[in-house]
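> Could you work out the structure for the sequence below:
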Amino acid sequence: MSGANNLKKYKCRPCGFVYDPEKGVPAYGIEPGVPFEDLPDDWVCPKCAASRWMFEEVKEDK
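Prediction:
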């Protein structure tokens, strides 16, 4: 297993925004390297303001 396994991408179901923990969302105070699971409970999609529970894990085939 790779060490990047904990840095999974998550996609907002309503708008398609993808949270990439390797990039973070610096404009919203989320620095690169923050796993989705560690985002604040009140964090919302920066694109459409959907709640965290509206995100689903992006499954990447390699």
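
> rest of the way, CA atoms for contacts and neighbours
OK.

> Residue 13 reaches residue 57, doesn't it?
No. Applying CA atoms under 8 Å as the test, residue 13 and residue 57 come out as separate, 10.0 Å apart.

> Look up phi and psi at the residue nearest to the spatial centre of the chain.
The centroid of the chain falls nearest to residue 19 when counting by CA atoms, centre = their mean (3.0 Å). Main-chain dihedrals, residue 19, degrees, to the nearest 10: phi -80, psi 120.

> Tell me the spacing between it and residue 60.
From residue 19 over to residue 60 the distance is 14 Å, taken as CA to CA, to the nearest Å.

> ditto for residue 21
Separation of residue 21 from residue 60 (CA to CA): 14 Å.

> and the two? which has more neighbours close in?
Ranked by neighbour count (other CA atoms under 10 Å), residue 21 and residue 60 place residue 21 first, with 21 against 7.

> Mind jotting down where the strands sit in the chain?
Along the chain, the segments classed as strands by DSSP state E run 10-12, 18-19, 55-57.

> which ones are touching residue 25?
19, 31-32 (CA atoms under 8 Å, 6 or more residues apart in numbering).

> Report the separation between it and residue 45.
10 Å.

> where in the protein is pLDDT low?
Along the chain, segments meeting pLDDT under 70 span 1-6, 61-62.

> Break down it into its helices, ranges please.
Remark: no helices are assigned in the chain by DSSP state H.

> Just the terminal-to-terminal distance for stretch 25-38.
End-to-end distance of stretch 25-38 (CA to CA): 13 Å.

> That stretch: how far from the chain's middle?
8 Å (CA atoms, centre = their mean, to the nearest Å).

> Flag every buried residue along it.
30, 34-36 (16 or more other CA atoms under 10 Å).

> for stretch 48-58, same thing?
Buried positions in stretch 48-58, judged by neighbour count with 16+ other CA under 10 Å: 50, 52, 55.

> same deal with stretch 16-24?
By 16+ other CA under 10 Å, the buried positions in stretch 16-24 come out as 18-21, 24.

> Would you list the phi and psi of the residue nearest to residue 15 when sequence neighbours are not counted?
Among residues not flanking residue 15 along the chain, residue 48 sits closest, at 6.6 Å (CA to CA, 6 or more residues apart in numbering). Main-chain dihedrals, residue 48, degrees, to the nearest 10: phi -130, psi 0.
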